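> One predicted model, sequence on top.
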Amino acid sequence: MRILIFHAYLLRGTGSNIYNASLAKALVRMGHEVHLFCQDRQAAELDFVDAVATWDGGELTVEGSDDARCTAYLPDIGEVLPVYVSDEYEGFRAVRLPDLDDDAIEHYVDANARAVREVADRCDADVALANHLVMGPAIVARALGGRVPYAVKVHGSALEYVVRPDRERFLPYARAGLEQAAAVLAGSRHTAESLWEVMDDPDLPARTRLGPPGVDAQDFVPLPPAEARSRARELADRIEHTSGGWGGEAGAADALRRLDPERERIVGYVGKLIVSKGVDLLLAAWPDVVSEVPDARLCIIGFGTFRDGLERLARALADGDIDGARELAGRGRELEGGERSELSYLKAFLDGLEAERRDSYVECASRAFERVEFTGRLEHGDLPAVLPAFQAQVVPSTFPEAFGMVAVEAAACGALPLSAAHSGLAEVTRRLEPVVDERVRPLLSFERGPGAVEEIARKLVEWLTFDAGERARAREALSTEAREQFGWEGVANGVIAAGEGRLEELPSP
C-alpha cells in the first residue's frame with residue numbers, strides 16, 4: 001500500500017516527531033511504501049529513509065534509492081516555520097502560528113498543498129494521514145480534494161496552544177481539514193473531549209477514534225544494571241565522536257558516563273524543557289529525595305527554551321537562595337521568552353519552607369544538586385541505551401498531555417513512571433495500575449497542585465527504598481505490560497483503518 005503522511009516538522013526529538021518517525025518505520029517494516037512530508041534536513045541519516053526529495057526552483061528533485069520504501073519530502077516553505085510553542089529550528093525562523101499574519105499562514109498552507117498534490121499524483125497514493133489540528137489537515141484537504149482518503153491525527157499542542165485560545169482565527173482551518181477526513185484519531189479520551197469541545201461539531205464524536213502512540217517493543221527493554229551502565233557509556237563514546245547533525249550536546253557524554261545503575265538509584269526526566277512540562281517541580285523535590293536516598297541521581301534529558309531557567313533555579317536552590325528561587329518562580333514563562341506568569345505550585349512549596357524545615361532543606365540542597373545531570377538533547381533512538389539505567393522516570397507536566405508516550409517507554413524499560421494525574425497521562429497510569437501490587441499503584445501518579453513538589457519527593461523516596469525484590473517484580477510487570485499493550489505495528493494498522501474509514505475496527509474514546 002502507498003501511504004502519504006504529512007507531518008511538516010522534524011523526525012526526532014519529542015512528541016509528534018517521534019510519533020511520525022516511528023509510524024513510518026513500522027509501516028516500512030510491514031512492507032508498505034511511505035511518502036513522508038517533514039522539514040528534517042537530516043532525514044537521510046535515519047535508517048528507514050531511503051530517499052529525500054526537495055523542490056529546487058519549484059522542481060521536484062529526489063536523491064537516494066530508486067525503489068525507496070520511504071521517501072522524505074521537504075517542501076520549499078521559505079525561511080519561516082510556523083510552530084505551536086516557542087522553539088528553535090536550524091535553518092528556519094520559527095514563529096508561533098498566532099504571531100503570523102494571514103498572508104504568511106496562507107503562503108505556508110499553499111506551498112505545502114502544492115507539494116502534497118504533486119507527490120500524491122506521482123505516487124498514486126492509496127491513503128493519507130494528516131497530523132496536527134492545524135495546519136496539516138487543511139493542507140491535505142486542499143491538496144487531495146477528496147481524491148485520496150485520509151485520517152487526521154490530533155496532537156495536543158496545536159489544539160491547546162493555537163486553536164483553543166484563538167478559535168475565531170483558526171477554527172476555519174481546523175474545520176476545513178476535518179470535514180473531509182474519514183476518521184479523526186486522538187491519543188486519549190481527554191484529548192478527544194477537548195477536541196469536541198473546541199470544534200463544537202455534533203457529528204465529530206462519531207468519527208473520532210483512539211489512536212495513541214506506541215513503543216518499539218524490540219528496543220525499549222529492561223537491562224541488568226551492569227549492562228545498562230555499559231550501554232550508557234557506549235552511547236557516551238558515540239556522542240563524543242559524532243560531529244555535526246544530531247549527536248548530542250556538549251557535556252552530554254560526561255553526564256552519561258556519570259550514570260552508574262550498579263551503585264546508584266537513578267531517576268530520570270525525558271522531554272521538552274519548557275515551563276508547561278513542570279520540570280521545576282522535580283528539581284525542587286530533589287533535595288528531599290537525596291536527604292533520604294543519598295545515592296540517588298537525577299538525569300534530565302531534553303532541550304528547550306526553559307533550560308536556562310531550570311539551571312538558574314537549580315543554582316539558586318543549591319546555594320540556599322530560597323528568595324532567589326522564589327523570584328524565579330514569580331517570573332515563570334518570562335524565563336523562556338514569554339509573558340511573566342507565576343509558577344504557582346513551585347512558589348507554594350517555597351513559601352512553605354520556614355524555620356527548621358527551611359534549614360534542613362537548604363543543608364541538603366547543596367549536595368543534592370551535585371547529583372543532577374543535564375544531558376541536553378538526545379536522539380529518540382538513543383533512549384533505549386539510557387532508560388534501562390533508571391529506577392523511576394517522572395512526567396511532571398502541568399499542562400494537558402494528549403498521551404504519555406514517555407511514561408510508556410519508561411515502563412517498557414522497567415522504570416516506574418511517576419506521572420501527573422491528569423489528561424492522557426492519567427489514562428496511561430490507569431492502564432498500567434492493574435499489573436502491579438496495591439502498594440505500588442499509588443506511586444504511579446501524583447496530584448497537580450500546591451502539594452506536588454512534596455508528593456513527588458515522598459513517592460520517589462518510597463519507591464527507591466522499597467524492598468529490592470518487590471521493586472524488581474513491579475519493574476518486570478510494568479515492562480511486560482507496556483510492551484504488550486503498546487506496539488507500533490498495531491498503531492500503523494489503526495492508521496490505515498482510520499484513513500480507509502473502517503471505524504468499526506477502532507476503539508472509541
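Sure thing, it's come through.
> Strands of the stretch 1-150 of the chain, start to end?
Listed in chain order, the strands of the stretch 1-150 of the chain (DSSP state E, counting those that start in this stretch) span 2-6, 33-37, 51-56, 59-64, 70-74, 80-83, 93-96, 127-131, 150-154.
> Report the separation between the residue nearest to Ser445 when sequence neighbours are not counted and Trp463.
Leaving out its chain neighbours, the residue that sits closest to Ser445 by Cβ to Cβ, 6 or more residues apart in numbering is Ala421, at 4.1 Å. Where C-beta positions appear, they are placed from N, C-alpha and C, glycine not excepted. Counting by Cβ to Cβ, to the nearest Å, the separation of Ala421 from Trp463 is 16 Å.
> for Arg326, same thing?
Taking Cβ to Cβ, one finds Arg326 at 29 Å from Trp463.
> between these two, who's got more neighbours?
Trp463 (23 against 17; other Cβ atoms under 10 Å).
> Which other helices and strands does the helix or strand harbouring the more buried one contact?
Here Trp463 sits within helix 452-464, counting by DSSP states H and E. Contacts defined by 3 or more Cβ pairs under 8 Å, 6 or more residues apart in numbering; DSSP states H and E place helix 452-464 against strand 265-270, helix 279-292, helix 344-351, strand 390-395, strand 416-420, strand 445-446.
> Reformat the ones you listed as TSV; add distance to Gly304 and mean neighbour count.
As requested, these are arranged in TSV below (distance: least, Cβ to Cβ, whole Å; neighbours: other Cβ atoms under 10 Å):
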stretch	distance to Gly304	mean neighbour count
strand 265-270	12	25
helix 279-292	9	24
helix 344-351	17	20
strand 390-395	15	26
strand 416-420	18	27
strand 445-446	22	25
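> Switch those over to TSV; also include mean pLDDT and distance to Ala174.
Putting the helices and strands packed on helix 452-464 into TSV (pLDDT from 0 to 100; distance: least, Cβ to Cβ, whole Å) gives the following:
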stretch	mean pLDDT	distance to Ala174
strand 265-270	98	30
helix 279-292	98	30
helix 344-351	98	30
strand 390-395	98	27
strand 416-420	98	27
strand 445-446	98	31
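> closest one to Pro222 among these?
Proximity to Pro222, assessed across the helices and strands packed on helix 452-464 by Cβ to Cβ, is greatest for strand 390-395 (10.1 Å).
> After that closest one, which helix or strand is next? Please name it.
Defined by DSSP H and E, the subsequent element after strand 390-395 is helix 405-412.
> got the contact list for stretch 76-91?
9-10, 39, 41, 54-56, 58, 92-97, 100, 104-105, 107-108, 111-112, 115, 132, 135, 157-158, 161-162, 274, 276, 304-305, 336-338 (Cβ atoms under 8 Å, 6 or more residues apart in numbering).
> Just the buried ones out of those residues, please.
Among the contacts of stretch 76-91, those scoring as buried are 9-10, 39, 41, 54-55, 92, 97, 100, 105, 108, 111-112, 115, 132, 135, 157-158, 161-162, 274, 276, 304-305, 336, 338 (criterion: 16 or more other Cβ atoms under 10 Å).
> show me where pLDDT drops low in the stretch 201-350 of the chain?
Low-confidence segments of the stretch 201-350 of the chain (pLDDT under 70): 243-250.
> Let's see that with 90 instead.
212-214, 216-218, 240-251, 337-339 (pLDDT under 90).
> for the residue lying closest to Pro384 once chain neighbours are set aside, phi and psi?
Computed as Cβ to Cβ, 6+ apart, the closest residue to Pro384 that is not its neighbour in sequence is Asp219, at 4.4 Å. The phi/psi pair for Asp219 (degrees, to the nearest 10) reads phi -100, psi -40.
> Same check on Leu235?
Torsion angles, degrees, to the nearest 10, at Leu235: phi -60, psi -40.
> same check, this time on Leu503
phi -60, psi -30.
> what's the burial count for it?
Leu503 sits with 15 neighbouring residues when counted by other Cβ under 10 Å.
> which ones are touching it?
182-183, 207, 209, 497.
> now the residues you listed in JSON lines, with secondary structure and distance to Tyr361?
Formatted as JSON lines, the contacts of Leu503 follow (DSSP: H, G, I helix; E, B strand; the rest coil; distance: Cβ to Cβ, whole Å):
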{"residue": "Ala182", "secondary structure": "coil", "distance to Tyr361": "55"}
{"residue": "Ala183", "secondary structure": "strand", "distance to Tyr361": "51"}
{"residue": "Arg207", "secondary structure": "helix", "distance to Tyr361": "52"}
{"residue": "Arg209", "secondary structure": "strand", "distance to Tyr361": "48"}
{"residue": "Ala497", "secondary structure": "helix", "distance to Tyr361": "53"}
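> Which one (most neighbours) among those?
Result: Ala183 is most packed of the contacts of Leu503 (other Cβ under 10 Å), 24 neighbours.
> ok, for Val163, nearest residue in space, not its chain neighbours?
Phe170 (4.6 Å).
> Just the pLDDT at the one you found, thanks.
Phe170 is assigned a predicted lDDT (pLDDT) of 98.
> Closest to Ser65 out of the contacts of Leu503?
Once Cβ to Cβ is applied, the member of these that ends up nearest Ser65 is Ala497, at 28.5 Å.
> From Ala368, how far out is the closest residue to the closest one other than its chain neighbours?
Take Ala497 and drop its neighbours on the chain: the residue closest to it by Cβ to Cβ, 6+ apart is Glu505, 4.7 Å away. Using Cβ to Cβ, we find Glu505 at a distance of 50 Å from Ala368.
> Could you do Arg331 as well?
23 Å.
> Between these two, tell me which one has more neighbours.
Ala368 (24 against 16).
> distance between the helix ranked longest in the chain and the chain's centre?
Under DSSP state H, the helix in the chain containing the largest number of residues is helix 102-123. Per Cα atoms, centre = their mean, to the nearest Å, the displacement of helix 102-123 from the mean C-alpha position of its chain is 26 Å.
> So what touches it?
By Cβ under 8 Å, 6+ apart, helix 102-123 touches 2, 4, 6, 8, 33, 35, 37, 53, 55, 60, 73, 75-78, 80, 82, 95, 97, 100, 125, 128, 135, 138-140, 142-144, 147-148, 173.
> Buried subset of the residues you listed, written for PyMOL?
This is how PyMOL selects the buried members of the contacts of helix 102-123, with burial counted by 16+ other Cβ under 10 Å:
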select buried, resi 4+6+8+33+35+37+53+55+73+75+77+82+97+100+125+128+135+138+139+140+142+143+144+148+173
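> Tell me how far the spatially closest residue to Ala420 that is not a sequence neighbour lies from Pro400.
Spatially, and ignoring its direct neighbours in sequence, Ala420 is nearest to Arg448 (4.9 Å; Cβ to Cβ, 6+ apart). Distance check for Arg448 against Pro400: by Cβ to Cβ, it reads 10 Å.
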